[in-house]
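Novice: A predicted structure for the sequence below; I have some questions about it.
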2 protein chains.
Amino acid sequence: MAAEPATRGRPREFDPEEALSAALQVFWTRGYEGASLAELTEAMGITKPSLYACFGNKEALFHKALDLYERDKLCYMRSAMEEPTARAVAERLLRGTLNIQTGGNDPRACLGVISLVACTTQADSIKTDVLARRASSDKALVERLERAKAEGDLPAGVEPAALAAYVMAVMQGMGVQASGGASPQQLEQLVETTMAMWPSN
Amino acid sequence: MAAEPATRGRPREFDPEEALSAALQVFWTRGYEGASLAELTEAMGITKPSLYACFGNKEALFHKALDLYERDKLCYMRSAMEEPTARAVAERLLRGTLNIQTGGNDPRACLGVISLVACTTQADSIKTDVLARRASSDKALVERLERAKAEGDLPAGVEPAALAAYVMAVMQGMGVQASGGASPQQLEQLVETTMAMWPSN
DNA sequence: CAGATTATATACCGATAAGTATGAAATCCG
DNA sequence: CGGATTTCATACTTATCGGTATATAATCTG
């Protein structure tokens, strides 16, 4: 991960990538503040000093877990932009959200949503990081919808920025309902209802 | 609050209603687990023994704060059902959500959403309570939309339960975006976009 | 006023939080 | 083999968590 190959000294006995992946699972189910170091180290299979030596501290570990999350779970957001029509982009986004929320054991909201809503005490750096990443995907979607509008792919009255915020809101609402125990079928129905609402020209 | 007038003994020096209202504000900004007793007692202007004598414990205090929240902030949900058309019901719901989220100092999600997404560690009773209240409002909305459908107020292909989940999702998504620092104008735009999508027969 | 009763304030409890000091174990270079 | 270096395991520190014991102050009843 962040460390050099480290040719000298006692070799590390764990794989940082695997450990980070385990940490991500914990953060995803517990949130940043809800995840204790005891739980993290237990899941990662390492001790606290190893965690601090390899990842810095809890906060740095979370940022690295966010990186991994974005890389592994949110890649569908980038690829969705390549769909030929705005409608197809929206559907890929919604179905991608559905997939990551129902993929694991129990449905849960996007890690970003959890972190944003749940982190209240301090954790200012967490919130800032999540917001910056969110702004980036939001920008990508707005630009994609602007292109769609230029291509005549959206009705005249529809504002790309507003439509982007709307699609994101439905995705976030899906996450909340997943957290509340909604079944995959219910979430699927939510996708279909949203697509049925999609503006047609 | 929960205690009788208590004609004997030293009189209470604070107003339980006011104290509960202050506690609600803390829970609403910090979430259940994020709100510490130190912060709660500070905001309520009472000491810990007074809190425990009057409200039971932190968990009982939260349930009472939820009662107050539902009574004071979520009353718009009940009254929205009385609107004459399904479209008007949805708009009242969305605008009611907008109001409570932009009413205070800084925008924030619904307390129920915060509690549901944020409470992870134990707090099983919290989650159960929130889910039960949510199921109740969901049921009311589904029934209202079923009535709308019977009255020919909804297009043929639209399922009341699915439409209800969809409206709730947008409301919840609004809360997430409010937590993320969205401006009242952006949230207003979200309401308008959603209404522009509303199915017309 | 005396006693019963209730609320107050202060100080405390065990548990757990994040983070670290310390010494032993495992590797590399010479 | 003998430092130098890095990781590991255990035990620790300080702070805060939710919750409470205790003693004092304020009221009502008699």
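Specialist: Good, I have the coordinates. Just so we're clear, the structure is a prediction, and the values are computed from it rather than from any experiment. Numbers count the residues shown, from 1 in each chain, chains lettered A, B, ... in the order given.

Novice: any bit of the longest helix anywhere in chain A sitting next to DNA strand C?
Specialist: Ranked by residue count, the top helix of chain A under DSSP state H comes out as helix A:124-150. No - applying Cβ under 7 Å from any atom of the strand, one finds helix A:124-150 out of contact with DNA strand C, separated by at least 11.1 Å. (Glycine included, C-beta is placed from N, CA and C.)

Novice: does the helix or strand of chain A with the lowest mean pLDDT reach chain B?
Specialist: Using mean pLDDT, DSSP states H and E, helix A:111-118 stands out as the lowest-scoring helix or strand of chain A, at a mean of 88. Yes - counting by Cβ under 8 Å from any Cβ of the partner chain, chain B is contacted by helix A:111-118 at A:113-114, A:116-118.

Novice: and A:Val191, what does it touch?
Specialist: Neighbouring residues of A:Val191 by Cβ atoms under 8 Å, 6 or more residues apart in numbering or on different chains: A:91, A:94-95, A:98, A:174.

Novice: who touches the helix or strand A:Leu68 falls within?
Specialist: Element membership for A:Leu68, per DSSP states H and E: helix A:58-72. Contacts with helix A:58-72, where a contact means Cβ under 8 Å, 6+ apart, come from A:1-2, A:20-21, A:23-24, A:27-28, A:32, A:35, A:37, A:40, A:51, A:55, A:111-112, A:115, A:123, A:125-126, A:129-130, A:133.

Novice: ok, and for stretch A:106-118, which residues are buried?
Specialist: A:107-118 (16 or more other Cβ atoms under 10 Å in any protein chain shown).

Novice: farthest-separated two in those?
Specialist: Farthest pair in the buried residues of stretch A:106-118 (Cβ to Cβ) is A:Pro107 and A:Leu116. Separation: 18.1 Å.

Novice: can you tell me which residues in chain A are near DNA strand C?
Specialist: So far as Cβ under 7 Å from any atom of the strand goes, chain A lies against DNA strand C at A:7-11, A:35-39, A:48-49, A:52, A:57-59.

Novice: do you know how far the residue of chain A found nearest DNA strand D is from A:Glu17?
Specialist: Residue of chain A nearest DNA strand D, by Cβ to the nearest atom of the strand: A:Gly9 (2.0 Å). Counting by Cβ to Cβ, to the nearest Å, the gap from A:Gly9 to A:Glu17 is 20 Å.

Novice: higher neighbour count, these two?
Specialist: Using other Cβ atoms under 10 Å in any protein chain shown as the criterion, A:Gly9 and A:Glu17 rank with A:Glu17 on top: 10 against 6.

Novice: by how many degrees do whichever strand or helix holds A:Thr193 and helix B:184-197 diverge?
Specialist: A:Thr193 is located in helix A:184-197, with elements delineated by DSSP H and E. With axes from the mean of the first three to the mean of the last three Cα atoms, to 10 degrees applied, the angle from helix A:184-197 to helix B:184-197 works out at 80 degrees.

Novice: can you show me the CA trace of helix A:184-197 as CSV?
Specialist: Output of helix A:184-197 as CSV, limited to C-alpha atoms (Å, rounded to 0.1, in the frame of the first residue of the first chain):
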residue,chain,number,x,y,z
PRO,A,184,-33.8,-6.2,-3.2
GLN,A,185,-37.2,-6.5,-4.9
GLN,A,186,-38.4,-3.3,-3.4
LEU,A,187,-35.3,-1.5,-4.5
GLU,A,188,-35.6,-2.9,-8.0
GLN,A,189,-39.2,-1.6,-8.1
LEU,A,190,-37.8,1.8,-7.1
VAL,A,191,-35.5,1.7,-10.1
GLU,A,192,-38.3,0.8,-12.4
THR,A,193,-40.6,3.5,-11.1
THR,A,194,-37.9,6.1,-11.5
MET,A,195,-37.2,5.0,-15.0
ALA,A,196,-40.9,5.1,-15.8
MET,A,197,-40.9,8.8,-14.7
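
Novice: can you give the distance of that helix from its chain's centre?
Specialist: Mean-position distance between helix A:184-197 and its chain equals 20 Å (Cα atoms, centre = their mean, to the nearest Å).

Novice: for it, which residues meet the burial criterion?
Specialist: Of the residues in helix A:184-197, those buried (16+ other Cβ under 10 Å) are A:186-187, A:189-191, A:193-194, A:196-197.

Novice: now it: mean pLDDT?
Specialist: Per-region confidence: helix A:184-197 scores 97 on mean pLDDT.

Novice: among the contacts of helix A:58-72, which ones are buried?
Specialist: Buried by 16+ other Cβ under 10 Å: A:20-21, A:23-24, A:27-28, A:32, A:35, A:40, A:51, A:55, A:111-112, A:115, A:123, A:126, A:129-130, A:133, out of the contacts of helix A:58-72.

Novice: which regions of chain A sit below the pLDDT cut-off?
Specialist: For chain A, the stretches with pLDDT under 70 are A:1-6, A:119, A:121-122, A:201.

Novice: and A:Arg108, which of the three is it?
Specialist: The three-state label given to A:Arg108 by DSSP: H, G, I helix; E, B strand; the rest coil is coil.

Novice: mind listing what it touches?
Specialist: So A:Arg108 contacts A:28-29, A:101, A:114, A:175, A:178-179 (Cβ under 8 Å, 6+ apart).

Novice: by neighbour count, which of those wins?
Specialist: Counting neighbours by other Cβ under 10 Å, A:Gly175 leads the contacts of A:Arg108 with 29 neighbours.
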